[in-house]
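J.: this is the structure alone, sequence omitted:
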Ligand code: ZN
């Protein structure tokens, strides 16, 4: 199997392999298959959540792609193809990372030619609209730069809802939404449901109402199919507890009752014995500037027993790490509960995890469930492996590493250190620390995600250099930690800037957190020259002069970040993020972009899913599943739209 599949615009498409799938027990393969079907059924939900025009635009673009009878070899048609591929990749018209509207790249007049030479007989226009009015609305969204400008706006001086073109709120201002949910929370007990997670908030004749995403509700047609496949999957579940939580999940999808989702989450956290596992639902809240609405996602996975030993050692020692952290004792957990960790291979990515995918997961998100019942944490080994294989040969390391020693260290220890960082971040970092009683995590508002990711990263950075890791047999020497420090600062100060357009600031939470940490330690260690920028052949590099002192700085910052989270110190969060995480050094940025461009690489990556084929006896009973890796990007996207295009264009 070839890891690299194709490249367009700023995107490369990779493949992940599903190790040992062929030799899994057939029952497990069937379990994975049915969960995978459920993972693909929510795709349209995410498209509609991202923007209300997305499903319409996708239908139009795909109709053109499949039926256009004009010259398909022209430059303009190639630009159209790139646009379509970008829209597929982002699950809509906004860039998956910057969340800004993707420019069409082809002209408005070429759009006329595309429309005229395509066959529209199979496209059913939403009722009450003529073809002309339907198209003119879409044309405006695609070509007018002042329409649907940005999916998620985090610039706090403006109304975050009005300036964000996601589809989570309709006719509601930020102040109204905040008041609505603050009120619900004020009246809830110490174990509140995740208010607003599974609904659109709308204003109808002056009243705020939630339109719930559930069977027989909004997105019901897709949810019906998710439920259908989840039901089938229970037959093959690894154990009774899995069956129980799948039933809770189904009931939640049927009723929209968020208490059932909490019930599901609590059982899901407890279930550790099974080999196959999955996430399916409205989970992460990054698509909503207020951090309330959950975008739909799914991941199906199974355990890598060997690599899980590594993560298990960490989680078994969770209390030791908590006790020895540099955090103020008041904000430490006296008893760390159920931080389970495992290393997994994904078998299917869906919704907000596809094609761009996380490399680690830590769920559930509800703070009280995490504190009372713990959380489940995973590192996705087959994804990180694909990244590593791709990165060792693309020239990035040679261009941006400051010395041959650094390159050697990265090649020898980079993969292990990177995985260990993810383990520490996910299974200890997010699970660590305690919030002061009465403090709500929403106190940090739009800075919460950045602060939380900063906290987890710092925990990982601080501990990766701890002797305890060598004692536990997780790293062979301090060199692994050095490789991670090199990589982290190289990325946070230099290479992640390749993802930012000239003149723009940093907005995405994870990128903000990386720059926050890297810039802060650079500034804080300036007097002692702990980290420095060096110039060589008119190029800028980062050099770490004292790794131990750098570690101490990570510890200092961790202490402060934990204090901010524990006390809900909004002002301090704001100052740190605005001072260190947002602004880009224009001069350095231009240099990095120029060096990066010469390498001819794409800054973002996503993954194709394998194709699973169900094997059935002549009577219809399934007995096995076959896996293939031969589907290309365009075929996969078109197949998903055809087979899993479950929602109408307007919801
Ligand atoms: Zn994280």
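T.: Nice, thanks for sending it over. Given the structure is predicted, the values throughout are model-derived calculations rather than measurements.

J.: how many neighbours does residue 436 have?
T.: Counted by other C-beta atoms under 10 Å, the residues lying close to residue 436 total 12. All C-beta atoms are positioned from the backbone trio N, CA, C, and that covers glycine.

J.: ok, it - contacts?
T.: Going by C-beta atoms under 8 Å, 6 or more residues apart in numbering, residue 436 touches 330, 331, 566, 567, 568.

J.: now the second one: closest residue in space, sequence neighbours ignored.
T.: The reference is to residue 331. residue 566 (4.1 Å; C-beta to C-beta, 6 or more residues apart in numbering).

J.: just the fourth one next, same as before
T.: Leaving aside its chain neighbours, residue 567 sits nearest to residue 436 (5.7 Å; criterion: C-beta to C-beta, 6+ apart).

J.: pull the residues that contact the helix or strand residue 228 falls within.
T.: Element membership for residue 228 (DSSP states H and E) is helix 220-234. With contacts defined as C-beta under 8 Å, 6+ apart, helix 220-234 is touched by 31, 34-35, 37-38, 41-45, 213-215, 217, 242-243, 246-247, 249-250, 253-254, 280, 644, 646-648.

J.: pretty sure residue 490 contacts residue 403?
T.: No: when contacts are counted by C-beta atoms under 8 Å, residue 490 is not listed as touching residue 403 (11.3 Å).

J.: of the two, who's got more company?
T.: Comparing residue 490 with residue 403 by other C-beta under 10 Å, the one with more neighbours is residue 490, at 22 against 13.

J.: from the ion, how far out is the more buried one?
T.: 20 Å (C-beta to the ion, to the nearest Å).

J.: residue contacts, that residue?
T.: By C-beta under 8 Å, 6+ apart, the neighbours of residue 490 are 400, 401, 402, 542.

J.: let's see 6 Å
T.: Applying C-beta atoms under 6 Å, 6 or more residues apart in numbering to residue 490 gives the contacts 400, 542.

J.: ok, then the element right after the host helix or strand of it?
T.: According to DSSP H and E, residue 490 maps onto helix 478-493. The helix or strand immediately downstream of helix 478-493 is helix 509-524, counting by DSSP H and E.

J.: next, the angle helix 478-493 makes with that next one.
T.: 110 degrees (axes from the mean of the first three to the mean of the last three C-alpha atoms, to 10 degrees).

J.: residue numbers of the protein in contact with the ion?
T.: 453, 456 (C-beta under 5 Å from the ion).

J.: low-scoring stretches of the chain, by residue?
T.: 338-340 (pLDDT under 70).

J.: would you point out which residue is most central in it?
T.: Nearest residue to the geometric centre of the chain (C-alpha atoms, centre = their mean): residue 358, 4.7 Å.

J.: ok, now how distant is it from residue 602?
T.: Residue 358 is 18 Å from residue 602, where distance means C-beta to C-beta, to the nearest Å.

J.: quick check: domain ranges of this structure?
T.: The chain resolves into domains spanning 54-92+102-147, 304-604 when parsed by automatic domain parsing.

J.: most tightly surrounded among these?
T.: domain 304-604 (a mean of 19; mean count of other C-beta atoms under 10 Å).

J.: off-centre distance for that one?
T.: Remark: domain 304-604 is offset 15 Å from the chain centroid, using C-alpha atoms, centre = their mean, to the nearest Å.

J.: swap in stretch 172-190?
T.: That offset, for stretch 172-190, works out to 26 Å (C-alpha atoms, centre = their mean).

J.: can you mark which positions in that stretch are buried?
T.: 172, 174, 176, 177, 178, 180, 181 (16 or more other C-beta atoms under 10 Å).

J.: list of residues touching that stretch?
T.: Here stretch 172-190 has contacts from 159, 160, 161, 192, 195, 196, 201, 203, 208, using C-beta under 6 Å, 6+ apart.

J.: could you rerun that using 7 Å?
T.: Stretch 172-190 is contacted from outside by 159-162, 169, 192, 195-196, 201-203, 208, 290, 292, 368, using C-beta atoms under 7 Å, 6 or more residues apart in numbering.

J.: can you pick out the most distant pair from the contacts of residue 436?
T.: 330 and 568 (13.9 Å; C-beta to C-beta).

J.: buried ones in the helix holding residue 228?
T.: Counting neighbours by 16+ other C-beta under 10 Å, helix 220-234 gives 220, 222, 223, 225, 226, 227, 229, 230, 232, 233, 234 as buried.

J.: next secondary structure after it?
T.: Assigned by DSSP H and E, the successor of helix 220-234 is helix 240-255.

J.: the inter-axis angle of the helix or strand following that following helix versus helix 240-255?
T.: Note on helix 240-255: by DSSP H and E, the next helix or strand toward the C-terminus is helix 258-270. Using the same axes, to 10 degrees, the direction of helix 258-270 lies 160 degrees away from that of helix 240-255.
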